[in-house]
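Participant: my questions are about this predicted structure, shown below with the sequence.
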Amino acid sequence: MTILLTGVNGQVGFELARTLQGLGRVIAVDRNALDLRDLDRVRSFVRETKPSVIVNPAAYTAVDKAEDEREEAHRLNAELPAVFAEECAKLNAWFVHYSTDYVFDGAKSSPYVETDAVAPLNVYGETKLAGERAIAQSGCRHLILRTSWVYDARGANFMRTILRLAEQRPELTIVADQFGAPTWSRTIAELTANMLTQIAAAERNKLGAFDEHSGIYHLTNGGRTSWYEFAREIVRVWGKEHQTRITPIPASAYPVKARRPVNSCLSNEKLAATFGLAAPDWLRALQLCAEQA
């Protein structure tokens, strides 16, 4: 099959460019090859390449800036996936798109399941939800993979910020009353590749087995932690615990423009039931990331 992959310079896109090799011909594009803000060009590019699968990790992810750049966030998080979905519907192609825990308000005390009511607290979450809805309305075969707290040894993310600041400051104050599951980008990429492998095998055998499973799935590393505990484990795993002290603070002591959910935990039970996949615990994934960096 032919796979069109966007955002190859991002955390998830970089890992996908590796894991999707072997599944077929991968057309990997960055912003120089395809300006994703030019929706007419995007539509033309899809029609020229005629992919069997579009995998779209590209997104507007600056959560606080989105409060002031709503139009830009909406274009990349809602309008772009709508175009991809419409073209996939015409090609009978699969569309794999990544969404976020921020579609929820975080008021639930237990992990969110795919059917829980959505209520985003910020513009970023609103635009990602709009993208989800546009994909569903297109009628294309799709996998919308909601994830949370994504990090990697490359790119801009919480883990790399903590490692950088640990070299500069004797103390870091980190929010301790927001909870979720840190998710390594390689976990996301490898499980995505596994899902597509299963779908491709079913289609080669003309089983059509996965058409009925088109929809939303939660995909995170396992377990639950706070930003504070995550930061503590980052400096420990990377051997920097003697360089800086991590101090817990409430979210109210760290004001930001965009509101964040208190609970960002997502249940992966649907993913396990449908595809037989289970991600490693978040701490094990962090250790693997450090070992392989």
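Facilitator: Looks like it arrived, so ask away.
Participant: what ranges do the helices span in the protein?
Facilitator: With helices called from DSSP state H, the chain shows them at 11-19, 39-49, 70-74, 80-91, 123-138, 158-166, 185-204, 227-237, 269-275, 282-292.
Participant: now the ones you listed in TSV, with mean pLDDT, distance to Asn56 and mean neighbour count?
Facilitator: C-beta coordinates here come from the backbone N, C-alpha and C atoms, glycine included. Formatted as TSV, these follow (pLDDT from 0 to 100; distance: least, C-beta to C-beta, whole Å; neighbours: other C-beta atoms under 10 Å):
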stretch	mean pLDDT	distance to Asn56	mean neighbour count
helix 11-19	95	9	22
helix 39-49	97	10	14
helix 70-74	97	15	16
helix 80-91	97	6	22
helix 123-138	97	9	22
helix 158-166	95	23	18
helix 185-204	92	11	19
helix 227-237	96	27	21
helix 269-275	96	19	16
helix 282-292	95	23	17
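Participant: relative to Ala258, which of those helices is closest?
Facilitator: Ala258 lies closest to helix 123-138 among the helices of the chain, at 6.4 Å (C-beta to C-beta).
Participant: state the distance from Ala273 to His213.
Facilitator: In this view, Ala273 and His213 are 10 Å apart by C-beta to C-beta, to the nearest Å.
Participant: and what of Ala58?
Facilitator: Per C-beta to C-beta, Ala58 is found 24 Å from His213.
Participant: got it, and Gln21?
Facilitator: In this view, Gln21 and His213 are 24 Å apart by C-beta to C-beta.
Participant: more neighbours: these two, which one.
Facilitator: Legend: neighbour count by other C-beta atoms under 10 Å for Gln21 and His213, higher for His213 (17 against 13).
Participant: apart from its neighbours in sequence, what residue is nearest that one?
Facilitator: Thr274 (5.2 Å; C-beta to C-beta, 6 or more residues apart in numbering).
Participant: contact partners for the closest residue to Ser109 other than its chain neighbours?
Facilitator: Distance criterion C-beta to C-beta, 6+ apart; nearest residue to Ser109, sequence neighbours excluded, is Asn263 at 6.8 Å. Applying C-beta atoms under 8 Å, 6 or more residues apart in numbering, one finds that Asn263 lies in contact with Phe104, Gly106, Ala107, Lys108, Ser109, Tyr112, Gln178, Phe179, Gly180.
Participant: mind checking which of the residues you listed are in strands?
Facilitator: Phe179, Gly180 (DSSP state E).
Participant: of the contacts of Asn263, which is the most crowded?
Facilitator: Gly180 (26 neighbours).
Participant: model confidence for that residue, exactly?
Facilitator: On pLDDT, Gly180 comes in at 97.
Participant: my guess is it contacts Arg224, does it?
Facilitator: Yes. Using C-beta atoms under 8 Å, Gly180 makes contact with Arg224 at a distance of 7.1 Å.
Participant: any shared contact partners between those two?
Facilitator: Contact criterion C-beta under 8 Å, 6+ apart; residues shared by Gly180 and Arg224: Cys265.
Participant: show me the contacts for the residue found closest to Ala58 once you drop the neighbours it is linked to in the chain.
Facilitator: Among residues not flanking Ala58 along the chain, Gly7 sits closest, at 3.3 Å (C-beta to C-beta, 6+ apart). Counting by C-beta under 8 Å, 6+ apart, Gly7 makes contact with Gly13, Asp30, Asn56, Pro57, Ala58, Ala59.
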